[in-house]
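Student: Have a look; sequence and predicted model below, questions after that.
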Amino acid sequence: QVHLVESGGGLVQAGGSLRLSCAASGRTFSNYAMGWFRQAPGKEREFVAAISWSGRVTYYADSVKGRFTISRGNAKNTVYLQMNSLKPEDTAVYYCAAGKSLVTTTSSYDYWGQGTQVTVSS
């Protein structure tokens, strides 16, 4: 079992930045690929970014490419999402997830955090 807790969400103006953190506990964190997903009201949960267990490989959704950066610190059992140039359409609940494979589909991730709200005002 892997327990995930997100933090760092909040209210920010368009063009601003936020850094989300996801702290993991339980099974060996470094064995898992990690992903960030988000869900806006009335919409399905969507992929945002993912990082391999080593940190060497990353994937991004086209909508955030060039603005968001995913990273991980295996020594700290933490994964981060640096979000720059935020837009109102980035408003959503952001979730981190752990899985055995570096993929972009929600169904492939085994463990999920409770989510953190990000609100971007125009």
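Tutor: Thanks, I have it.
Student: Model confidence for V103, exactly?
Tutor: You'll see V103 listed with a pLDDT of 86.
Student: Within the helices and strands, which one has the residue nearest to it when sequence neighbours are not counted?
Tutor: Closest residue to V103 apart from its sequence neighbours, by CB to CB, 6 or more residues apart in numbering: A50 at 7.1 Å. For glycine as for every other residue, the C-beta is placed from the backbone atoms N, C-alpha and C. Using DSSP states H and E, A50 maps to strand 46-51.
Student: Show me where the chain has its strands.
Tutor: Assigned by DSSP state E, the chain shows strands spanning 2-7, 10-13, 18-26, 33-39, 46-51, 58-60, 68-73, 78-83, 92-99, 111-112, 116-121.
Student: What is the neighbour count of S85?
Tutor: By the criterion of other CB atoms under 10 Å, S85 has 13 neighbours.
Student: Dead centre of this protein: give me the residue that sits there.
Tutor: W36 (2.4 Å; CA atoms, centre = their mean).
Student: bridging residues for it?
Tutor: A49, C96 (DSSP bridges).
Student: if I look at it, how far off is G113?
Tutor: Using CB to CB, to the nearest Å, W36 is found at 10 Å from G113.
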